[in-house]
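Trainee: dropping the sequence and predicted coords here.
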Amino acid sequence: MTSLELESAEKAFGEILREDLLRGRFRPGEWLKQADLETLYNANRFEVRIALSELAARHLLDHIPNRGYRVANPTTRQREQLYETRSILETAAARLAVTRISDSDVEAFAELVHRFEHAVEHGSREQLRQLNLQLHDKLYRASGNDLLADQIRDLRERGAAIATGSWDTMAGIRSSSADHLEMLDMLRRRDGEALAHSVYRHLNRWRDYLPAGERS
């Protein structure tokens, strides 16, 4: 195998493992044994080592020296900091999007929103996850600031392992869909402050699903 082919194989395995982490194939805090991954994915030891190192750098995995790698399992404090940071960035991107988005991109966002709405009743959990990522990325790319949109995407992935509970029931999923429809309405109205408020509420809805003793 040439160096170029080896690089492509490494990337392919790393992306497959990343997608499996994002879709919840492994539990938060679960240890990932290198030998098990080699067997599960038919990958070689070098591919697995490189992928584990890169995914730890992206905070999807925790590297514990002399023990190995486990799926990221943020503490309550880390979760609070993550969502606080996301709230700042995503509301800022929403305000920018209102001033910069084209009519065609509004309608592209609308199509994703309505596809999500349809998938709530007729699609799979994986379809919902993919559509949710796409519609939020579409909104934040409309800010015209790719660096900002990339940071938001990376932080959204970093929080993927956090079990917030907001999608554990159909009522929670329907609430997310209703939020998306409200965002679309605010975007069409070109109301930046209302859109930012809607984004903030949507992003922090997970707090409603915390046990009573953990709510601030």
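Mentor: Received the coordinates, thanks. Bear in mind the structure is a predicted one, so any value in this text is a computation, not a measurement.
Trainee: okay, the strand or helix carrying Tyr69 in CSV with CA atoms only?
Mentor: Using DSSP states H and E, Tyr69 falls within strand 68-71. Extracted C-alpha coordinates of strand 68-71, given in CSV (Å, rounded to 0.1, in the frame of the first residue of the first chain):
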residue,chain,number,x,y,z
GLY,A,68,-6.3,4.1,27.1
TYR,A,69,-9.2,5.9,25.5
ARG,A,70,-12.8,6.2,26.5
VAL,A,71,-15.8,8.0,25.0
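Trainee: what strands line up against it, and which way round?
Mentor: Strand pairing for strand 68-71, using DSSP bridges, gives strand 31-32 (antiparallel), strand 61-64 (antiparallel).
Trainee: okay if I get the ones you listed as CSV plus distance to Glu54, mean neighbour count and mean pLDDT?
Mentor: Heads up, the C-betas are built off the backbone N, CA and C, glycines and all. Shown next, in CSV, are the strands paired with strand 68-71 (distance: least, Cβ to Cβ, whole Å; neighbours: other Cβ atoms under 10 Å; pLDDT from 0 to 100):
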stretch, distance to Glu54, mean neighbour count, mean pLDDT
strand 31-32, 13, 16, 96
strand 61-64, 9, 16, 95
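Trainee: can I get those strands in JSON lines including distance to Glu157?
Mentor: Listed next are these as JSON lines, based on distance: least, Cβ to Cβ, whole Å:
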{"stretch": "strand 31-32", "distance to Glu157": "17"}
{"stretch": "strand 61-64", "distance to Glu157": "12"}
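Trainee: ok so, going back, buried ones in the strand holding Tyr69?
Mentor: Neighbour counts over strand 68-71 (16 or more other Cβ atoms under 10 Å) mark Tyr69, Arg70, Val71 as buried.
Trainee: how close does the second one sit to Leu55?
Mentor: Distance of Arg70 to Leu55, given as Cβ to Cβ, to the nearest Å: 11 Å.
Trainee: related to what we said a few turns ago, tell me the buried residues in the helix or strand just after the strand holding Tyr69?
Mentor: Beyond strand 68-71 in the direction of the C-terminus, DSSP H and E gives the next helix or strand as helix 76-100. By neighbour count with 16+ other Cβ under 10 Å, helix 76-100 contains the buried residues 82-83, 86-87, 89-98.
Trainee: just give me how far helix 76-100 sits from the chain centre.
Mentor: Put simply, helix 76-100 sits 13 Å off its chain's centre (Cα atoms, centre = their mean, to the nearest Å).
Trainee: any idea how this structure splits into domains?
Mentor: As given by automatic domain parsing, the domain ranges for the chain are 3-71, 76-214.
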